[in-house]
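>>> I'd like to go over a predicted model; first the sequence, then the structure.
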Amino acid sequence: LELNDAGAFYTLGCKYRDGMIGLLQDYKKAFELSVRAAELGSIDAHFHVASAYYHGQGVETDIKKAKHYYELGAMRGDESARHNLGTVEHSEGNTNRAMRHWMISARVGMDDSLKMIRQGFLNGYVKKDEYEK
């Protein structure tokens, strides 16, 4: 890991998070490695850092920081981060913003986002022409 390889930090973080390859499950270590991977440019690591903050795994729960890391991941093209950003926006009462995030991630095949848009359509948050896109 001396070469500052974002992929190596990310992969090792996943192994600690899941307790794989003979490593004991250690959320704190997984979080630290994921933060380093994110700093080095790993798109996937932003999602894992955000999820750790959201669920309080290896770090204190902090929805504001989770949202920030989901935003960073979404801006870099991570559609899972975009979907979860929609979920955070929805939980904060920002339904229109949530729907916009879900529409973007649904367009690239995120089934969970499509389900949320469908529910938004049924509840009147999404217009027919938007839903059909």
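Good, I have the coordinates.
>>> What's the local residue count around residue 41?
Residues lying near residue 41 (other C-beta atoms under 10 Å) number 13. For glycine as for every other residue, the C-beta is placed from the backbone atoms N, C-alpha and C.
>>> Quick check, central residue of this structure?
residue 81 (2.9 Å; C-alpha atoms, centre = their mean).
>>> And the pLDDT for residue 7?
According to the model's per-residue confidence, residue 7 sits at a pLDDT of 92.
>>> Contacts for stretch 11-27, please.
With C-beta atoms under 8 Å, 6 or more residues apart in numbering as the test, stretch 11-27 has contacts from 1, 29-34, 37, 45, 48, 52, 57-59.
>>> isn't the residue nearest to the centre of the chain right next to residue 74, touching?
Yes. The pair residue 81 and residue 74 passes the contact test of C-beta atoms under 8 Å, sitting 4.7 Å apart.
>>> before we move on, back to that, quick one: which of the contacts of stretch 11-27 is most hemmed in?
The member of these that has the most neighbours, counting by other C-beta under 10 Å, is residue 34 with 30 neighbours.
>>> Now do the same contact list for the closest residue to the residue nearest to the centre of the chain other than its chain neighbours.
Closest residue to residue 81 in three dimensions, ignoring its sequence neighbours and counting by C-beta to C-beta, 6 or more residues apart in numbering: residue 73, at 3.0 Å. Contact analysis of residue 73 by C-beta under 8 Å, 6+ apart lists 43, 44, 46, 47, 50, 80, 81, 82.
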